[in-house]
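1. Pasting the sequence and the predicted model now:
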Amino acid sequence: MSGHNRWSKIKRHKAATGAAKGKLFTKVIKELTVSARLGGGDPDGNARLRSAISAAREANMPNDTIQRAIKKGIGELEGSHYEEASYEGYGPGGVAVLVECLTDNKNRTASDVRTTFSKGGGNLGAEGSVSWMFARKGLVAVKPGPSEDAVMEEAIEAGAEDVLNLGEDGFEVRTAPGDLHGVALALESAGLALGAQRLTYLPQNTVKLDGDNAKRMLKLVEALEDNDDVQHVHANFEIDEALLQELAS
């Protein structure tokens, strides 16, 4: 598991309640609304909305909150109009960073992201400066229980590209973007308990960080993720497990 993925998992455990959970709900609601606006309110015909609903359920979001967000997206209820925006740059140690946003004011968001990069020891780059270092992939979380061989067999049969054993956290099944939901349905039909299903960007190479660069990079990721307009932060850093645990404590 990459350094950023491991750090994100640690943060999810710490953000189960309180203000952090409220921020997570805000981001998920935005994604539900935009997904419904762009592809319609029927998850059976809207793969992006299915992913958003999966994320909402993993966050234990009440169903009526999910439905209100979808209704705002399709125009049945009034709501803000969010646009997609992405930003690329470099963090401490030359780490490539790709930031996905949903915003009702692109000028504000661009300014905020630029300032965050600068304060965090990085710099915002031009469009295309780092995105070529990442590959678009689908991820399906399989909850602990089955053996690695059992998950591997079902995943490959369903058309997955790879399976990662995450130990006590279960498994991560990787797919081509267009195969995400077909693979998820097949795994579920095979009796596997699934977690979130989502599209993401995975780095094609990584940068190893330690010492001050590691601390500064994690602070930059946290600062970016703390912005309500930022949906996802993707980065290609690696940090030793022991150091990650030390920085998380």
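-> The structure has been received and is ready for your questions.
2. Could you list the domains of this structure?
-> Domains of the chain are assigned by automatic domain parsing as 3-74, 84-131+205-248, 133-203.
3. Would you pull up how far the last one lies from the middle of the chain?
-> In terms of CA atoms, centre = their mean, to the nearest Å, the gap separating the centre of domain 133-203 from the centre of its chain is 15 Å.
4. next helix or strand past the lengthiest helix in the chain?
-> In the chain, assigned by DSSP state H, the helix with the most residues is helix 18-39. Along the chain past helix 18-39, the next helix or strand (assigned with DSSP states H and E) turns out to be helix 47-58.
5. Which residue comes closest to the residue nearest in space to the middle of the chain once chain neighbours are left out?
-> Centroid check for the chain by CA atoms, centre = their mean gives H232 as the closest residue, at 5.0 Å. Among residues not flanking H232 along the chain, E100 sits closest, at 4.4 Å (CB to CB, 6 or more residues apart in numbering). The C-beta positions use only the backbone N, C-alpha and C, and glycine is treated the same way.
6. which SS state does the residue nearest to the centre of the chain fall under?
-> Three-state call for H232 (DSSP: H, G, I helix; E, B strand; the rest coil): strand.
7. wait, what's in contact with it?
-> Neighbouring residues of H232 by CB atoms under 8 Å, 6 or more residues apart in numbering: 99-100, 200-201.
8. Lowest-confidence entry in those residues?
-> Here the lowest pLDDT out of these sits on T200, with 92.
9. Which helix or strand in this structure has the lowest average pLDDT?
-> In the chain, no helix or strand scores lower on mean pLDDT, DSSP states H and E than helix 3-14, which sits at a mean of 53.
10. And the contacts of the helix or strand hosting E222?
-> Element membership of E222, judged by DSSP H and E, is helix 211-225. For helix 211-225, contacts defined as CB under 8 Å, 6+ apart pick out 4, 7, 11, 91-93, 95, 97, 99, 113, 116-117, 119-122, 209, 230, 233, 235, 237, 239, 243, 247.
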